[in-house]
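1. Model the structure of this input:
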Amino acid sequence: MSSPIPTPAREVLTWERFGVASRQLAQQIAESGFRAEIVIAIARGGLLPAGALAYALGTKAAGTLNVEFYSDIEETLPDPVVLEPMLDTAAINGKRLLVVDDVADSGRTLALVMDLMKQHGADARSAVLYTKPRTILVPDYSWRETELWITFPWSAQPPVEGAVGTALV
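-> Residues are numbered from 1 along each chain as shown. As a prediction, the model looks like this:
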């Protein structure tokens, strides 16, 4: 009889815990005195956290920047790549931005985006739900630190049947 294959330990964020995490992270940002004029989501992982933070902070202006880096669980492209559609960079010049992602893992995506925001004259701060100890860019605001792979509620399930990237039966 063979022994079961061990399942790697994971940090699991539930929808309920996401609500708590978002509010606690927003409180941390508010207490710092930083008042973002625009919340920028790093898509796709930062879309839901950015929306939750924008609501919690009372910030109505929001934007997205699409960046691809992960190709699979713990597999990345050689470098993060900014994808279309592009952010209107003229609109961020001189503005206070809160750049939001789900996790600062290697930190390379966050570093790329923060550099882009600063190149376009923005006063940008970063916020993530999770920070990994190996990140090259420590975010300005973070809810938790973990070394584990994280299961987020929005990506815990595969795409629905018939969606882009799934086989039709």
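2. where do the strands sit along the protein?
-> Counting by DSSP state E, the chain has these strands, from start to end: 10-12, 38-43, 62-72, 75-83, 96-104, 123-131, 141-145, 149-151.
3. looking at the ones you listed, which has the lowest confidence?
-> If these are sorted by mean pLDDT, strand 75-83 sits at the bottom with a mean of 68.
4. Contact partners for the residue most central in space within the chain?
-> Residue closest to the mean C-alpha point of the chain, counted by C-alpha atoms, centre = their mean, is residue 101 at 1.5 Å. Neighbouring residues of residue 101 by C-beta atoms under 8 Å, 6 or more residues apart in numbering: 41, 42, 45, 46, 49, 109, 110, 113, 126, 128. Backbone N, C-alpha and C define where each C-beta goes, glycine included.
5. Can you tell me how far it is from residue 139?
-> Distance of residue 101 to residue 139, given as C-beta to C-beta, to the nearest Å: 8 Å.
6. so what sits against both of those two?
-> Common contacts of residue 101 and residue 139, defined by C-beta under 8 Å, 6+ apart, comprise 110, 126, 128.
7. Going by distance to residue 94, which of these wins?
-> Nearest to residue 94 among the shared contacts of residue 101 and residue 139, counting by C-beta to C-beta, is residue 126 at 18.3 Å.
8. Number of residues surrounding the closest residue to the closest one other than its chain neighbours?
-> Once flanking residues are discounted, residue 126 sits nearest to residue 139: 4.2 Å by C-beta to C-beta, 6 or more residues apart in numbering. If you count neighbours by other C-beta atoms under 10 Å, residue 139 ends up with 22.
9. just the one 3 residues further on next, same as before
-> Burial measure for residue 142: 19 neighbouring residues, criterion other C-beta under 10 Å.
10. Can you name the residues that contact it?
-> Remark: with contacts taken as C-beta under 8 Å, 6+ apart, residue 142 is in contact with 25, 104, 127, 128, 129, 130, 131.
11. got it, and residue 66?
-> Residue 66 is in contact with 43, 44, 82, 83, 84, 85, counting by C-beta under 8 Å, 6+ apart.
12. what bridges to it?
-> Applying DSSP bridges to residue 66 yields these beta-bridge partners: residue 43, residue 83.
13. Could you report the separation of it from residue 81?
-> Residue 66 is 9 Å from residue 81, by C-beta to C-beta.
14. With residue 162 instead?
-> As for residue 162, its distance to residue 81 is 27 Å (criterion: C-beta to C-beta).
15. circling back: among the contacts of residue 142, which two are most distant?
-> Checking the contacts of residue 142 with C-beta to C-beta, the most distant pair is 25 and 104, at 12.8 Å.
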